[in-house]
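Colleague: Turn this into a model:
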Amino acid sequence: MMMNSTDNLWQTREFADLAKVTVRTLHYYDRLGLLRPTRRNHNGFRLYSEQDFARLQQISTLKFIGFPLKQIKEILKAESVRLDETLGLQRKIIEAQRYRLGLALEAIKRAEAVFKKDGATDWDAFGQINEVINMEQNTEWTKKYYSDTAQAKIEERKNLWSPELQERVTRDWANLVADIEKAMSDGVKPTESRAQELAARWRGLLSEFTGGDKEIQQGLNKMYADEANWKTEWKKPFSDEVQKYIVEAMQVG
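Modeller: Okay, the predicted model is just below:
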């Protein structure tokens with residue numbers, strides 16, 4: 001039952017039912033200072049508002065990403081919340097998760113089909129499954145290669161990213177690497193026009209990540225130069241031979 005038709009306030013049980021959480025969770029969040037009720041009535045009962053629902057959505061979103069409650073509290077400290085912005089953020093995060101799960105599902109299907117047909121293991125598919133599952137964790141190790149300014153710029157550029165864009169860029173990189181490998185097998189020299197066209201495509205895809213920012217590019221160069229010390233399951237999506245070839249082609253250009 002709505003407690004106040006003007007302010008849209010709900011008691012704990014009513015709010016919990018609307019938000020699809022337990023009363024125990026709300027009490028726990030209150031004790032942590034993570035989600036305080038808007039007010040209490042004259043009997044001391046907690047009263048929650050639409051603004052509290054927006055904050056609860058933010059908490060749920062950040063938990064979904066993997067932040068611990070203590071860190072969520074710090075993130076949301078002194079930050080005003082809007083329900084439409086929170087839902088938009090949650091939608092984008094879930095879309096990104098759905099994209100990653102889709103990649104893993106396709107890799108699993110491929111491995112399953114190969115095994116059923118030939119009784120053999122498709123190790124490339126298994127590698128992709130692991131890569132997708134570890135994708136979130138794999139982003140943290142790269143930060144040490146970028147300056148604080150470059151990291152801030154990368155975070156800002158994430159706002160321009162989307163699952164659809166990620167899918168297109170992933171496809172474009174795969175096609176480009178395949179075309180470079182074909183050029184190498186055909187004996188095309190890095191100085192030839194065909195190789196120069198491939199180098200131009202490479203620069204274009206790099207620019208999608210860096211935005212043409214030299215500081216981000218410097219961090220990216222440092223990261224690839226330190227490949228021998230990477231402590232991650234993630235592997236670069238091209239061979240050393242491809243990298244050497246395209247570097248030579250870009251030096252010519």
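
Colleague: Now do Leu35: how many residues are near it, please.
Modeller: Neighbourhood size, Leu35 [other CB atoms under 10 Å]: 23. (Glycine included, C-beta is placed from N, CA and C.)

Colleague: That one: what's it in contact with?
Modeller: By CB atoms under 8 Å, 6 or more residues apart in numbering, the residues touching Leu35 are 26, 29, 52, 55-56, 59.

Colleague: List the contacts of Asp226.
Modeller: By CB under 8 Å, 6+ apart, the neighbours of Asp226 are Tyr145.

Colleague: and the gap between it and Gly44?
Modeller: 59 Å (CB to CB, to the nearest Å).

Colleague: any idea where the helices of this protein begin and end?
Modeller: Taking DSSP state H as the test, the helices found in the chain are 12-19, 23-32, 50-65, 69-76, 83-118, 123-133, 148-157, 163-185, 193-210, 214-225, 240-252.

Colleague: How far does the third one sit from its chain's centre?
Modeller: Its chain's C-alpha centre lies 19 Å from the corresponding centre of helix 50-65 when counted by CA atoms, centre = their mean, to the nearest Å.

Colleague: just the CA coordinates of it, formatted as PDB?
Modeller: Extracted in PDB, the C-alpha atoms of helix 50-65 (Å, rounded to 0.1, in the frame of the first residue of the first chain):
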ATOM      1  CA  GLU A  50      11.500   6.600  -6.000                       C
ATOM      2  CA  GLN A  51      15.000   8.200  -5.500                       C
ATOM      3  CA  ASP A  52      15.900   5.200  -3.300                       C
ATOM      4  CA  PHE A  53      14.800   2.900  -6.100                       C
ATOM      5  CA  ALA A  54      17.100   4.600  -8.400                       C
ATOM      6  CA  ARG A  55      20.000   4.200  -6.000                       C
ATOM      7  CA  LEU A  56      19.100   0.600  -5.500                       C
ATOM      8  CA  GLN A  57      19.300   0.100  -9.300                       C
ATOM      9  CA  GLN A  58      22.800   1.700  -9.200                       C
ATOM     10  CA  ILE A  59      23.900  -0.700  -6.500                       C
ATOM     11  CA  SER A  60      22.500  -3.700  -8.400                       C
ATOM     12  CA  THR A  61      24.300  -2.500 -11.600                       C
ATOM     13  CA  LEU A  62      27.700  -2.100  -9.800                       C
ATOM     14  CA  LYS A  63      27.300  -5.400  -8.100                       C
ATOM     15  CA  PHE A  64      26.600  -7.000 -11.500                       C
ATOM     16  CA  ILE A  65      29.800  -5.600 -12.800                       C
END
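
Colleague: What angle do helix 69-76 and it make with each other?
Modeller: 130 degrees (axes from the mean of the first three to the mean of the last three CA atoms, to 10 degrees).

Colleague: What residues sit buried inside helix 50-65?
Modeller: Buried residues in helix 50-65, defined by neighbour count with 16 or more other CB atoms under 10 Å: 52-59, 61-62.

Colleague: go on, the first one?
Modeller: Neighbour counts over helix 12-19 (16+ other CB under 10 Å) mark 12, 15-16, 19 as buried.

Colleague: for the second one, same thing?
Modeller: If you call a residue buried by 16+ other CB under 10 Å, then helix 23-32 has these buried ones: 26, 29.

Colleague: For it, which helices and strands make contact with it?
Modeller: Applying 3 or more CB pairs under 8 Å, 6 or more residues apart in numbering; DSSP states H and E, one finds that helix 23-32 makes contact with helix 12-19, strand 46-48.

Colleague: again, only using 10 Å
Modeller: helix 12-19, strand 46-48, helix 50-65, helix 69-76 (3 or more CB pairs under 10 Å, 6 or more residues apart in numbering; DSSP states H and E).

Colleague: can you put those in CSV and add mean pLDDT and distance to Trp230?
Modeller: Conversion of those to CSV gives the following (pLDDT from 0 to 100; distance: least, CB to CB, whole Å):
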stretch, mean pLDDT, distance to Trp230
helix 12-19, 90, 42
strand 46-48, 92, 47
helix 50-65, 81, 24
helix 69-76, 78, 26
